[in-house]
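Chemist: let me see the structure of the following:
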Amino acid sequence: MKKNKKRNSYFKILTVAMFLISLLTMGFSTILGKNIILIRNGEATEIFTYSRTVEEVLKEENIKLKDNEELSTDKKDEVYDGMEIKIAEVKTYKILDGKKSYTKLSNGASVAEVLSNLGIKVGKLDRVNPSLDTATDKAVNMEITIQRVREENLSEESEIVFKKTIKENSDLERGNENIITKGENGLREDKIKETYVNDELESREVIESSIIKEPVNEIVEVGTKEVKESPKGDISGRCITMEATAYDYSAGNVTALGTQVRVGAVAVDPNVIPLGSKLYIESTDSWPSYGYAVAEDTGGAIKGNRIDLFFTSSETSNNFGRRTVKVYVLDK
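Modeler: Residues are numbered from 1 along each chain as shown. This is a model prediction of the structure:
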């Protein structure tokens, strides 16, 4: 009886020991094993493995790489828990990158992965066609176009042309003008965004505009009074037939006598008509007579029987052209 009791005790101890050893073995096995993900051409498979290297995993899973397949890691890399091993088919891609064009072999489940595997970086503004998230699993000789986009910001100043207002004056003889308010151009600053695609300007956009100087609109009064009869019957003095031309502000603002140019200030040859002489200028054609004037200015081309009549409007000055007039040098 005592021997049987001893045998039973040994048997129990042995059973417990074997159970403990089994638990320890299973625990160590679990610790030594790793959960990895094997992705082949976009299809993922979870694998629990005791393999130490990627090469051992492939042998364990009986996976043989095809000629047109590539591994995402080196075969000798050590396996770690949570590791992703990718096997992808290498394909030919034609890349149009900006103004460059080349053909490359690469793999990747999407356009983004293909470009990343090729080391091609894409900027935030760059345009990719097809889009980066386009799948490439069924692609054959895919063409990927990358438009390189950049933006430049600059400031430009430009004139604001003043407006011209015409007012009629019935007390002013037809053909004469007076500037009440001289026009001045304003100034505007524009902030502009230029967009370049592959180094070529695609668009120009004004994103902000501000007025630096407001324009001053010009106000001009023009004469409407008809001169039906010449006042020559009421004047005395010598009369000279002269060739008349016209000038405006573009010739300057001050006369030879230092006075301000204006309607009624005319240019003469001082050897023919002394400066300061009072005149009356009568038209010999359909153009309205210029009327009373004062010889206050000279001109390089005004020699002999020549006279230059001032008009405030360059348009009127141009329309006047060259005409024959009668000039009365007044005695008073």
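Chemist: low-confidence stretches in the stretch 151-300 of the chain?
Modeler: Applying pLDDT under 70 to the stretch 151-300 of the chain picks out residues 170-173, 225-236.
Chemist: how about a cut-off of 90?
Modeler: 166-182, 220-238, 248-253, 260, 263, 285-292, 299-300 (pLDDT under 90).
Chemist: ok so Thr73 is a helix residue?
Modeler: No. Counting by DSSP: H, G, I helix; E, B strand; the rest coil, Thr73 falls outside a helix, being coil.
Chemist: so what's the residue count around it?
Modeler: Applying other C-beta atoms under 10 Å, we find 14 residues neighbouring Thr73. All C-beta spots, glycine's among them, are computed from the backbone N, C-alpha and C.
Chemist: quick check: it vs Leu38, distance?
Modeler: Distance check for Thr73 against Leu38: by C-beta to C-beta, to the nearest Å, it reads 11 Å.
Chemist: now for these two: what residues contact both?
Modeler: Taking C-beta atoms under 8 Å, 6 or more residues apart in numbering as the criterion, Thr73 and Leu38 both touch Ile85.
Chemist: right, and Val268 touches Ile307 too?
Modeler: Yes. With contact defined as C-beta atoms under 8 Å, Val268 reaches Ile307; the gap is 5.6 Å.
Chemist: these two: which has the busier surroundings?
Modeler: Higher neighbour count among Val268 and Ile307: Val268, with 29 against 25, using other C-beta under 10 Å.
Chemist: measure the residue nearest to that one when sequence neighbours are not counted to Val111 for me?
Modeler: Spatial nearest neighbour of Val268, chain neighbours left out: Ala295 (4.5 Å); criterion: C-beta to C-beta, 6 or more residues apart in numbering. According to C-beta to C-beta, Ala295 and Val111 sit 85 Å apart.
Chemist: give me the neighbour count for Val294.
Modeler: Residues near Val294, counting by other C-beta under 10 Å: 19.
Chemist: just checking, it touches Gly276?
Modeler: Yes. Between Val294 and Gly276 there is a contact under C-beta under 8 Å: 7.0 Å.
Chemist: the helix or strand hosting the residue nearest to Val268: which residues count as buried?
Modeler: Using DSSP states H and E, Ala295 sits in strand 291-297. Neighbour-count burial for strand 291-297 flags Gly291, Ala293, Val294, Ala295, Glu296, Asp297 (criterion: 16 or more other C-beta atoms under 10 Å).
Chemist: immediately after that strand, which helix or strand?
Modeler: Counting by DSSP H and E, the next helix or strand C-terminal to strand 291-297 is strand 306-310.
Chemist: spatially nearest residue to Asp97, not counting backbone neighbours?
Modeler: Ile146 (4.8 Å).
Chemist: run me through the strand neighbours of whichever strand or helix holds that neighbour, direction for each.
Modeler: Secondary structure from DSSP H and E places Ile146 in strand 142-147. Pairing partners of strand 142-147, with direction, according to DSSP bridges: strand 91-97 (parallel), strand 127-129 (antiparallel).
Chemist: any chance you could map the helices in the stretch 101-250 of the chain?
Modeler: 111-117 (DSSP state H, counting those that start in this stretch).
Chemist: so which of the strands paired with strand 142-147 is the most packed in?
Modeler: strand 91-97 (a mean of 17; mean count of other C-beta atoms under 10 Å).
Chemist: what's that strand in contact with?
Modeler: Under C-beta under 8 Å, 6+ apart, the answer for strand 91-97 is 68, 101-107, 114, 118, 120, 136, 139-146, 148.
Chemist: strands along the stretch 151-300 of the chain, start to end?
Modeler: For the stretch 151-300 of the chain, applying DSSP state E, counting those that start in this stretch gives strands covering 164-173, 177-181, 186-197, 200-213, 218-225, 237-247, 265-268, 278-283, 291-297.
Chemist: residues making contact with the third one?
Modeler: If I follow you right, that is strand 186-197. Contacts of strand 186-197 (C-beta under 8 Å, 6+ apart): 127, 147-160, 162, 201-216.
Chemist: quick check, the residue nearest to Asp97 in contact with Ile120.
Modeler: Yes. Using C-beta under 8 Å, Ile146 makes contact with Ile120 at a distance of 7.3 Å.
Chemist: in terms of neighbours, single out the busier of those two.
Modeler: Counted by other C-beta under 10 Å, Ile146 and Ile120 do not tie: Ile146 has more neighbours, with 21 against 15.
Chemist: pLDDT score for the more buried one?
Modeler: pLDDT for Ile146: 97.
Chemist: now it: how far from Val128?
Modeler: Counting by C-beta to C-beta, the gap from Ile146 to Val128 is 5 Å.
Chemist: quick check: the residue nearest the centre of the chain vs Arg204, distance?
Modeler: Closest residue to the average C-alpha location of the chain: Glu194 at 2.1 Å, with C-alpha atoms, centre = their mean. Glu194 sits 5 Å away from Arg204 when distances are taken as C-beta to C-beta.
Chemist: re earlier: extract the CA atoms of the strand holding Ala295 and return them as CSV.
Modeler: Provided in CSV are the C-alpha atoms of strand 291-297 (Å, rounded to 0.1, in the frame of the first residue of the first chain):
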residue,chain,number,x,y,z
GLY,A,291,-10.3,137.1,-82.0
TYR,A,292,-8.4,139.4,-79.7
ALA,A,293,-4.9,138.3,-78.7
VAL,A,294,-1.5,139.5,-77.3
ALA,A,295,1.9,138.7,-78.8
GLU,A,296,3.6,137.1,-75.8
ASP,A,297,5.5,134.1,-77.2
